[in-house]
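*Asks:* Whatever this is, show me its structure:
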Amino acid sequence: MRDAKLMLLILAVAIPIHAQSLPRFVDTQGVWTLLARRAAVLDARTPAAYRKGHLAGARNVAWDSFSDPSGPLAKGKLNPDTAVLGRLLGALGVHRDRPVVVYGDPLGGWGEEGRIAWMLEYLGHADVHVLDGGVNAWTAAGGTLSQDVPHADTGTFDAHPNPGNSVVVEDVQKAMAVPGAVILDTRTSEE
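*Replies:* Next up, the predicted model:
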């Protein structure tokens, strides 16, 4: 019995910190936990906002840099070349086996951080988090901002798309025919 208790204690201590799960939307304390796990931090705000100040170690990322360059929708559709997507994410320091924190500016953006988080999940990353309240929540909690651009910590990310995390036009048309189905259009009134 003593050996079994000792073995359970050893197993409990040996469980890596990354095995502990955090919710998709994390507060600033959750970000600190993820940073301790060597998370990649992606700032989805504009380059100008990034230059004014960002979380230390964050890389600036534009959602549309992952768009299909050959399609009629210049921005929107994801680049179908997963090797290119993997290289772009690796250049941002994204590793498949480390968490990612994405943040934006909920008062000045339109949800770019959500687009980046969805893309990472679609491409098979299992540990993606969004800072709830973005950079404003970070500074309100006493977090500091940096103007230093981090040294390139190139990651390795092999993209493996999960079609279950996306829909095509036909899927939306089928859903519209289902009584009680709810489809949210998150575009602006003008759009």
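
*Asks:* quick one, strands of the chain?
*Replies:* For the chain, applying DSSP state E gives strands covering 25-26, 40-43, 59-60, 100-103, 128-131.

*Asks:* ranking these by burial, who's on top?
*Replies:* strand 100-103 (a mean of 28; mean count of other Cβ atoms under 10 Å). Where C-beta positions appear, they are placed from N, C-alpha and C, glycine not excepted.

*Asks:* Just put the strands of the chain in JSON lines and tack on mean pLDDT and distance to Gly93.
*Replies:* What follows is the strands of the chain, written out as JSON lines (pLDDT from 0 to 100; distance: least, Cβ to Cβ, whole Å):
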{"stretch": "strand 25-26", "mean pLDDT": "96", "distance to Gly93": "18"}
{"stretch": "strand 40-43", "mean pLDDT": "97", "distance to Gly93": "4"}
{"stretch": "strand 59-60", "mean pLDDT": "96", "distance to Gly93": "6"}
{"stretch": "strand 100-103", "mean pLDDT": "98", "distance to Gly93": "9"}
{"stretch": "strand 128-131", "mean pLDDT": "98", "distance to Gly93": "14"}
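
*Asks:* Run through this structure and note the low-pLDDT ranges.
*Replies:* 1-20, 73-74, 152 (pLDDT under 70).

*Asks:* and Ser189, how far is that from Leu88?
*Replies:* For Ser189, the distance to Leu88 equals 32 Å [Cβ to Cβ, to the nearest Å].

*Asks:* what do you get for Leu184?
*Replies:* Separation of Leu184 from Leu88 (Cβ to Cβ): 28 Å.

*Asks:* Can you list the residue ranges for helices in the protein?
*Replies:* Applying DSSP state H to the chain gives helices spanning 2-14, 28-36, 47-52, 82-91, 112-122, 134-140, 169-176.

*Asks:* Please identify the deepest-packed of those helices.
*Replies:* Mean neighbours per residue, mean count of other Cβ under 10 Å, is largest over the helices of the chain for helix 112-122, with a mean of 21.

*Asks:* Please convert the strands of the chain to TSV, extending it with distance to Gly114.
*Replies:* Output for those, formatted as TSV (distance: least, Cβ to Cβ, whole Å):
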stretch	distance to Gly114
strand 25-26	10
strand 40-43	12
strand 59-60	17
strand 100-103	8
strand 128-131	7
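
*Asks:* closest one to Asn79 among these?
*Replies:* strand 40-43 (17.0 Å; Cβ to Cβ).

*Asks:* quick one: contacts of the closest one?
*Replies:* 31, 35, 49-50, 54-55, 57-61, 92-95, 98-104, 113, 116, 135, 153, 155 (Cβ atoms under 8 Å, 6 or more residues apart in numbering).

*Asks:* Count the neighbours of Thr186 for me.
*Replies:* Number of residues near Thr186 (other Cβ atoms under 10 Å) recorded here: 8.
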